[in-house]
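J.: Based on what follows, work out the 3D shape:
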Amino acid sequence: MRTLIRAVTATIAIALIGTSGTPASRAAQTSGVNLLTNPGFEDPYNTWNGVPELKLPYGWQPWWSEYPHDADWQNLRPEFDRAATYDGYGYRVHGGTFAVRYFKSFATFTAGVLQVVEGVTPGATLEFSVWGHSWSCSDWDLCQETLDDGSRRVRSAPPDANVVMKIGIDPTGGTDPFSSSVVWSPGVRALDSYRLFTVQAAAQSSRVTVFTYAWQEWAALNQDAYWDDASLVAVGGPPPAAETPAPTAGAAPAVDTAQPEAEQGVYTVQPGDTLSGIAYRYHMTLDELRALNGIAPGDNIIKAGEKLIVSAPEATRVLPGATPTPAAVADAPTPTPDSRNLLAFVSDWDGDWELFVADIAGNQVFQVTNNDADDQEPVWSPDGARLAFASDRAGDWNIYVLDLTCLESETACSEADAVQVTEDPAEDRQPAWTADGSQLVFQSNRDSNWKIYQVDPASGLVQLLITSSANSIAPVWQPKPLP
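T.: This next block holds a predicted model:
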């Protein structure tokens, strides 16, 4: 298994798992011709990457971000499905029979769908348009509405819920929704009634990517985003400034959330900004942003025009086909000795601790273990080709070695290649390599108290190195003798 994550920051950032079975759309470049595959989000809807909660219309892929995750309800992976004209919620469909829908209960999400379109003419100005609206319900009794004809429908409550939607084009064909190359329409509230979103950009290569985007500030009983009837067409002339037409009847006023990049670590607050939104944009926790700017804990009040000190590292992002973002790093990153500046670390993004390797220079991260157990305490071999680590995958804590030369080739890494080198019902923990990389030392309580042992990874032969009536732990081998 090889899991790619781009953009590495102080806390590792985004996750991308493989690709779906959805091909990129290949454009027949003719002015006025819709270049998208399945622009109406119609059938078939297929389960994406085998995850039952992710049902996507043909031609489209999901993306979502689970950062920041300062509260249990914040930025969870939504479910993706369809709204249909025949399921009692026909008003959720703009045209045809279906609209794509993604949603989450008692939580917020930052998510959307995307499509890569190939075969466009570099330099051509493209216009991406799509109809969208959202629903946010915090009180079910208030969310039910009886219409003049006696029929019932649901509406958003409270009516001023801070739900932001927008669309974008990456003219370079990248699939990172947080890339600086993406040209976005303004972010607006579009509660309950469809409105048309439009944005233009000049293609910079033979492929472009289109994105939808929805985000909420606060959790609610129900949070839904709907998109329907999209188009991507070539138009003449240079791209005008992005704008979204006035809302259809019943829609809330537009809120422009376009945010300029910070210059030299200072960001100017824009109308409609929130403190949590700025923290998200610059990949900080709220507490970090407050501390940098002398804002009291729990205080979220900011004013347009105010200047905030921000950190502006590479973006923390979830890419198409993403699994949840690693939310916490348990162990300090372990550097390798090679020139690629690889780091091994541990994250509990899926509920148990797994191993990841980050290529700092290349802005990539690879997930190298994925199981229902805990994998911890990674340490590189002196030649940078192997990771030793502790795992309880066999029921007890033992030492394993994983060959990672797969990272240097196109061969997929597989945790099935992890070799168990100790086997004992006690706890074997904290592995460390000898200077020549031929042996491992580790701590174990296999003899009542903690002692230091050595194991030959090739043969599994274990010998006791340090014994005492006291506990001995955390061995570290000297990398080379003193001169």
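
J.: looking only at pLDDT, what's the mean for stretch 55-66?
T.: Mean pLDDT, computed over stretch 55-66, is 91.

J.: what about that stretch, how long is it end to end?
T.: Terminal residues of stretch 55-66 lie 19 Å apart, using CA to CA, to the nearest Å.

J.: First-to-last residue distance for stretch 112-130?
T.: 13 Å.

J.: buried ones in stretch 189-204?
T.: Within stretch 189-204, the residues scored as buried using 16 or more other CB atoms under 10 Å are 189-192, 194-203. Using the backbone N, CA and C atoms, a C-beta is placed for each residue, glycine as well.

J.: cool, stretch 79-91 as well?
T.: Those buried within stretch 79-91 under the rule 16+ other CB under 10 Å are 79-84, 89, 91.

J.: Please identify which of the residues you listed is nearest to Trp64.
T.: Using CB to CB, Phe80 comes nearest to Trp64 of the buried residues of stretch 79-91, at 9.0 Å.

J.: which one of the buried residues of stretch 189-204 is nearest Ala220?
T.: Of the buried residues of stretch 189-204, the one sitting nearest to Ala220 (CB to CB) turns out to be Leu191, at 11.6 Å.

J.: now the buried residues of stretch 79-91 in CSV, with distance to Pro171, pLDDT and secondary structure?
T.: Formatted as CSV, the buried residues of stretch 79-91 follow (distance: CB to CB, whole Å; pLDDT from 0 to 100; DSSP: H, G, I helix; E, B strand; the rest coil):
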residue, distance to Pro171, pLDDT, secondary structure
Glu79, 31, 94, strand
Phe80, 26, 95, strand
Asp81, 30, 94, strand
Arg82, 29, 93, strand
Ala83, 30, 90, strand
Ala84, 34, 91, strand
Tyr89, 35, 71, coil
Tyr91, 34, 78, helix
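
J.: domain ranges for the chain?
T.: The chain breaks down by automatic domain parsing into domains covering 3-235, 266-309, 334-466.

J.: Of those domains, which stretch is the most buried?
T.: Highest mean neighbour count of the domains of the chain: domain 3-235, a mean of 20 (counted as mean count of other CB atoms under 10 Å).

J.: quick one: the spatially closest residue to Asn371 that is not a sequence neighbour from Phe41, how far?
T.: For Asn371, ignoring the flanking residues on the chain, the nearest one in space by CB to CB, 6 or more residues apart in numbering is Arg393 at 5.6 Å. Taking CB to CB, to the nearest Å as the measure, Arg393 falls 41 Å from Phe41.

J.: and if you look at Gln376?
T.: From Gln376 to Phe41 the distance is 43 Å (CB to CB).

J.: Same check on Thr172?
T.: Distance from Thr172 to Phe41, by CB to CB: 25 Å.

J.: does Gly111 really touch Leu56, like I thought?
T.: I think there's a mix-up here, since residue 111 is Ala and not Gly. No. Counting by CB atoms under 8 Å, Leu56 is not a contact partner of Ala111; they are 11.9 Å apart.

J.: Name the residues contacting each of the two.
T.: Pro62 (CB atoms under 8 Å, 6 or more residues apart in numbering).

J.: sorry, back to before: need the least confident one among the domains of the chain, by mean pLDDT.
T.: domain 266-309 (a mean of 71).

J.: tell me how far the ends of that one are from each other?
T.: 5 Å.

J.: Do a quick rundown of the helices in the stretch 1-150 of the chain.
T.: 140-143 (DSSP state H, counting those that start in this stretch).

J.: show me where it has strands.
T.: 3-6, 16-17, 25-26, 45-48, 51-57, 61-65, 79-84, 98-104, 110-118, 125-137, 144-146 (DSSP state E, counting those that start in this stretch).

J.: Now do the contacts for Val357.
T.: Counting by CB under 8 Å, 6+ apart, Val357 touches 342-345, 365-366, 368, 387, 404, 407.

J.: from the residues you listed, which ones fall inside strands?
T.: 342-345, 365-366, 387 (DSSP state E).

J.: farthest pair in the residues you listed?
T.: Val365 and Leu387 (14.3 Å).

J.: So for Ala322, what's the pLDDT?
T.: 35.

J.: for the one 4 residues further on, same thing?
T.: Listed pLDDT for Pro326 reads 36.

J.: Repeat that for Ala315.
T.: At Ala315, pLDDT is 33.

J.: From here on, call the first residue 864.
T.: That works, and once the first residue is 864, the last one we named lands at Ala1178.

J.: In three-state terms, label Val1027 for me.
T.: strand (DSSP: H, G, I helix; E, B strand; the rest coil).

J.: surely it meets Pro1049?
T.: No. Counting by CB under 8 Å, Val1027 stays clear of Pro1049, with 9.5 Å between them.

J.: wait, what's in contact with Asn897?
T.: 1094-1096.

J.: Which of those residues sits closest to Asn1334?
T.: Using CB to CB, the contacts of Asn897 come closest to Asn1334 at Leu1095, 64.8 Å.
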